[in-house]
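In: Quick one: sequence plus predicted model below, questions after.
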Protein chains: 2
Amino acid sequence: MASDSSQPSPLKIGIVGLGPFAQFLAATFVKQGHTLTAVSRTDHSLIASRLGILFFKSYDQFIDAHNDVILICTSILSLSEVLKSIPFDRIKGPTLFVDVLSVKEHPQKLLLQAIPVESDLMCTHPMFGPESGKNGWRGLPFVYDKVRIRNEDLCSRFLGMFQSEGCRMVEMSCEEHDREAARSQFLTHTIGRILSEMKIESTSMDTKGFQSLVQLKENVVRDSFDLYSGLYVHNRFAKQELKALEHALEDVKQKLQEKMDNTLEENSRSY
Amino acid sequence: MASDSSQPSPLKIGIVGLGPFAQFLAATFVKQGHTLTAVSRTDHSLIASRLGILFFKSYDQFIDAHNDVILICTSILSLSEVLKSIPFDRIKGPTLFVDVLSVKEHPQKLLLQAIPVESDLMCTHPMFGPESGKNGWRGLPFVYDKVRIRNEDLCSRFLGMFQSEGCRMVEMSCEEHDREAARSQFLTHTIGRILSEMKIESTSMDTKGFQSLVQLKENVVRDSFDLYSGLYVHNRFAKQELKALEHALEDVKQKLQEKMDNTLEENSRSY
Ligand SMILES: NC(=O)c1ccc[n+]([C@@H]2O[C@H](COP(=O)([O-])OP(=O)(O)OC[C@H]3O[C@@H](n4cnc5c(N)ncnc54)[C@H](OP(=O)(O)O)[C@@H]3O)[C@@H](O)[C@H]2O)c1
Ligand SMILES: NC(=O)c1ccc[n+]([C@@H]2O[C@H](COP(=O)([O-])OP(=O)(O)OC[C@H]3O[C@@H](n4cnc5c(N)ncnc54)[C@H](OP(=O)(O)O)[C@@H]3O)[C@@H](O)[C@H]2O)c1
């Protein structure tokens, strides 16, 4: 598919990890007219060709495609292993590395250690996925931190791929992201996972509130458990939010118990 | 306001407890052309006159208004006390008693003990409120149990008040209601209360899922704590759902901990 004339010149983007989220992003990037290549643990060559992406089985071939941008889309838990297998020394000339992991301090640290010193690094988190972004990306937040950017032009062109779809661009540090995401996204996933453990299902008499919880549960369990547990294992702020959730449940329970005790007391007084 | 010609002949409805939910229902009943009177612990005469309802300060005057239907709208926790203060012996002729409490076995039991034998009883739960029903009642569930109905015509006319607004009519026993509501409504309110204890607030990077939780929290805390605790104290199925919620949180936490331990182990192996 060709880009229309209003769009900037296409970029060569190489994707590492062609899982569900990378496929979702790639569909829009191809539509925008960019040239995509990908490499992944699993052989996704069929899916790739359907999406219009060149799929490589080896990192060597992938690197030799001379991408402007290398987009890291692997699971949070596998990042350190994946980075070990990339032959960074084959990369000729500066490249923009971008990751889309749902935690940010962890890839920031590992990528700064791994990528060549002449390459740039931007850490990003598109705060949407195949479900919430299925009707387009308009108004959905795109969080980014320009960790080490010298080629501002290339960086802007990459950001423009989200901007042009109408994303709300939110620049913040990786630390700030992790602090906020632990309170919002990790908490949301945790509640969805709890409801899934409880096996809640829609009933004939759902309130609107309950319907929204059933919907939440269904969306959350569509993401892999690797993704969810990555939000916990590699976000140092998640543990305290899990504790806060436990304490809040304890507080609510105690307030209910007090009301229960009062009622029992009143009942016994009235006899 | 007059009823239009397509509507059935108006009913005389007496409301016991003119709190937020009764006011919300009354606005629609008045619009439908019914004649409303009310009695309440608090002097709501100003609000009542604004809504077009005759407000009585004493139960004696209220009873003497000879209502077709007496609608019990008090809080769950105060029902037993309120019933003690109603002079049931002043009621002349059969009356249809209806309650709208958010638990059903409890009012069923207390009302069967309290109301005159010649009066009918229907226990109901409109599964919506001032927030979820602010744009009309179409498609919203109205749960009812015809506990003791001899005057089918009067009962149908009362149900018609919800039917004509487009409610989804769901007939089920009080027991079945309480079992389902503990898993859906009580659980929903509990999660909203937990999120409120945690003081969650909207951020610059909310996902759609998190936005729905913030919304849920805001809706739930609009209801009184008496209402919420009533869902627990007087629904015998609520305790087990609170336990199930605690266990589910425990299970999720354990699964996260296992992933954390695996990661630490792998890291220590790679050095
Ligand atoms: N889903 C979303 O809505 C969303 C939104 C924003 C950001 N993200 C982030 O995007 C990334 C991808 O998410 P996802 O939803 O596609 O699912 P995921 O389960 O988090 O990641 C799947 C990807 O990780 C790769 N992978 C997993 N274990 C691996 C290993 N041991 N070695 C090599 N590769 C491995 C998979 O490769 P193969 O497919 O080749 O096996 C696949 O490409 C994650 O970091 C996630 O946090 C996701
Ligand atoms: N809110 C909803 O969305 C909703 C939906 C469906 C069913 N319901 C049910 O409708 C009923 C009313 O709910 P609500 O939202 O209005 O709030 P609520 O806090 O559950 O009940 C408030 C009502 O209870 C009365 N009341 C409380 N304590 C009392 C006492 N000690 N003695 C006498 N009266 C007392 C209040 O009278 P005064 O105002 O005169 O003080 C007021 O009329 C509840 O049973 C609730 O479960 C509510």
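Out: Cool, got the structure. Ligands and ions are numbered 1, 2, ... in the order given.
In: the strands in chain A, which residues?
Out: In chain A, strands defined by DSSP state E lie at A:12-16, A:35-39, A:54-56, A:69-72, A:96-99, A:120-126, A:141-148, A:168-171, listed in chain order.
In: With mean neighbour count, distance to residue A:114 and mean pLDDT as extra columns, can I get those strands in CSV?
Out: The C-beta positions use only the backbone N, C-alpha and C, and glycine is treated the same way. Conversion of those to CSV gives the following (neighbours: other Cβ atoms under 10 Å in any protein chain shown; distance: least, Cβ to Cβ, whole Å; pLDDT from 0 to 100):
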stretch, mean neighbour count, distance to residue A:114, mean pLDDT
strand A:12-16, 23, 12, 98
strand A:35-39, 23, 16, 98
strand A:54-56, 19, 19, 98
strand A:69-72, 24, 10, 98
strand A:96-99, 24, 9, 98
strand A:120-126, 23, 10, 98
strand A:141-148, 20, 13, 98
strand A:168-171, 14, 23, 98
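In: Now tabulate these in CSV and tack on distance to residue B:238.
Out: As requested, these are arranged in CSV below (distance: least, Cβ to Cβ, whole Å):
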stretch, distance to residue B:238
strand A:12-16, 49
strand A:35-39, 51
strand A:54-56, 53
strand A:69-72, 47
strand A:96-99, 45
strand A:120-126, 38
strand A:141-148, 37
strand A:168-171, 40
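In: who wins for proximity to ligand 1 among those?
Out: Each of these has some distance to ligand 1 by Cβ to the nearest ligand atom; the shortest is strand A:120-126, at 5.1 Å.
In: What is the closest one packed up against?
Out: When contacts are defined as 3 or more Cβ pairs under 8 Å, 6 or more residues apart in numbering or on different chains; DSSP states H and E, strand A:120-126 packs onto strand A:96-99, helix A:105-114, strand A:141-148, helix A:152-163, helix A:174-181.
In: any residue of stretch A:97-107 up close to chain B?
Out: No: remark: stretch A:97-107 sits outside contact range of chain B, by Cβ under 8 Å from any Cβ of the partner chain, the gap being at least 9.8 Å.
In: hmm, that stretch touching ligand 1?
Out: Yes: looking at stretch A:97-107 against ligand 1 by Cβ under 6 Å from any ligand atom, the contacts come from A:100, A:101, A:102.
In: Can you give the distance of that stretch from its chain's centre?
Out: Centroid separation for stretch A:97-107 versus its chain: 8 Å, with Cα atoms, centre = their mean, to the nearest Å.
In: swap in stretch A:82-96?
Out: Between the centre of stretch A:82-96 and the centre of its host chain there is 22 Å, according to Cα atoms, centre = their mean.
In: neighbouring contacts of that stretch?
Out: Under the criterion Cβ atoms under 8 Å, 6 or more residues apart in numbering or on different chains, residues A:16-17, A:41, A:59-60, A:63-64, A:66-70, A:72, A:74, A:110-111, A:114-116, A:118-122, A:149-151, A:154-155, A:158 lie in contact with stretch A:82-96.
In: Narrow those residues to just the buried residues.
Out: When these are checked for burial by 16 or more other Cβ atoms under 10 Å in any protein chain shown, the buried set is A:16-17, A:59, A:63, A:67-70, A:72, A:74, A:110-111, A:114-115, A:119-122, A:154-155, A:158.
In: which one of the residues of stretch A:97-107 next to ligand 1 sits closest to residue B:268?
Out: Nearest to residue B:268 among the residues of stretch A:97-107 next to ligand 1, counting by Cβ to Cβ, is residue A:101 at 22.5 Å.
In: Kind regards, and thank you for your time.
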